[in-house]
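Trainee: Quick one: sequence plus predicted model below, questions after.
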Amino acid sequence: MLNPVEALTDELLARAAVGDQAALEGVYRSLAPQVQGYLLTRGATDPEGLTSDVFLQVLPMVPRIAGGVSGLRKLVFTVAHARLVDEFRRHGRGPRQGPYDPALDDRHEPSAEHHVLEGSAGHVRQVLERLGEDQRAVVTLRVLADLSVAATAEVLGKSEGAVKQLQRRGLAALREILAEGEVVR
C-alpha cells in the first residue's frame, strides 16, 4: 500500500500506466486534494463529486499521457476546469435553489459543510471572491494546482503573457485585501 502523501513521480506514473492499482491510487491521492481545493475555491457546489468525475475521466487515459507528471497535472486540471464550467452552465439553465433555512434543519450538530465554510477554506474562498474571475482562475491554478504558467495558459485558453499579468495583478490585489483586513474570519 502506498503512503497517502507519496510524491507524484514519473516512476509512479509509469507504474500507473501499466495498470498497477496501487500506483493509480497514488496518482489519485497525490492530485485529488489539489483538484478538490481548486473546485471548492472556484465555487463548485459539489467539489467532491466533480473531483470524482475528473478522475473517472482521467485515470483511463493515464497510459496515453505524454509529458510525464507535468502532462498529467495539466490534463487533470484541464478536465477539472472543463467540469467546473459545465457545472456553472448547467446551474445557469436549471431551476434556482431556494435559500437554506436553518429553522427547517433538524440536525443538532452543524454539518460538515458548515465546518469547512466557517474554517480556513471559507476564509480563502471569501478572499478569492474579491478577485475578478480571470484573476481567481489564474491564482487558483498557479497556487493550488501548482501548474506552470504555460500549463495554466493552456487550461484557460489564454496567452502566457496574459496569465503572468493576471497572476501579478491577482496577487497584488490579494496583498491589498489582506493588508486592509476587510475580510472577517
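Mentor: On my side now, so go ahead.

Trainee: Report the mean confidence score over stretch 40-49.
Mentor: The average of the pLDDT scores along stretch 40-49 is 89.

Trainee: if I read this right, residue 44 contacts residue 54, doesn't it?
Mentor: No. Using CB atoms under 8 Å, residue 44 is not in contact with residue 54; the gap is 10.8 Å. Every residue, glycine included, has its C-beta placed from N, CA and C.

Trainee: Compare the two and say which is more crowded by neighbours.
Mentor: residue 54 (27 against 20; other CB atoms under 10 Å).

Trainee: and the more buried one, what element?
Mentor: In the assignment (DSSP states H and E), residue 54 maps to helix 47-58.

Trainee: Show me what that helix is packed against.
Mentor: The contact analysis (3 or more CB pairs under 8 Å, 6 or more residues apart in numbering; DSSP states H and E) places helix 47-58 against helix 21-41, helix 68-93.

Trainee: Low-confidence stretches in the chain?
Mentor: 1-6, 93-98, 105-122, 182-185 (pLDDT under 70).

Trainee: quick one: furthest residue from the center of this protein?
Mentor: residue 103 (32.3 Å; CA atoms, centre = their mean).

Trainee: any idea how far it is from residue 64?
Mentor: Residue 103 sits at a distance of 52 Å from residue 64 (criterion: CB to CB, to the nearest Å).

Trainee: now do residue 38
Mentor: When distance is defined by CB to CB, residue 38 is 23 Å away from residue 64.

Trainee: Which parts of the chain belong to which domain?
Mentor: With domains defined by automatic domain parsing, the chain comprises 1-92, 114-185.

Trainee: residue contacts, the spatially most central residue of the chain?
Mentor: Centroid-nearest residue in the chain: residue 38, 1.7 Å away (criterion: CA atoms, centre = their mean). By CB atoms under 8 Å, 6 or more residues apart in numbering, the residues touching residue 38 are 77, 80, 140-141, 144-145.

Trainee: Look up how far residue 87 lies from it.
Mentor: To residue 87, residue 38 is 13 Å away according to CB to CB.

Trainee: what's the answer for residue 146, then?
Mentor: To residue 87, residue 146 is 23 Å away according to CB to CB.

Trainee: With neighbour numbers in mind, choose between the two.
Mentor: Remark: of residue 146 and residue 87, residue 87 carries more neighbours, 20 against 13, as counted by other CB under 10 Å.

Trainee: nearest spatial neighbour of that one, skipping sequence neighbours?
Mentor: Once flanking residues are discounted, residue 87 sits nearest to residue 44: 6.0 Å by CB to CB, 6 or more residues apart in numbering.

Trainee: SS state for the one you found?
Mentor: State at residue 44, reduced to three classes by DSSP: H, G, I helix; E, B strand; the rest coil: coil.
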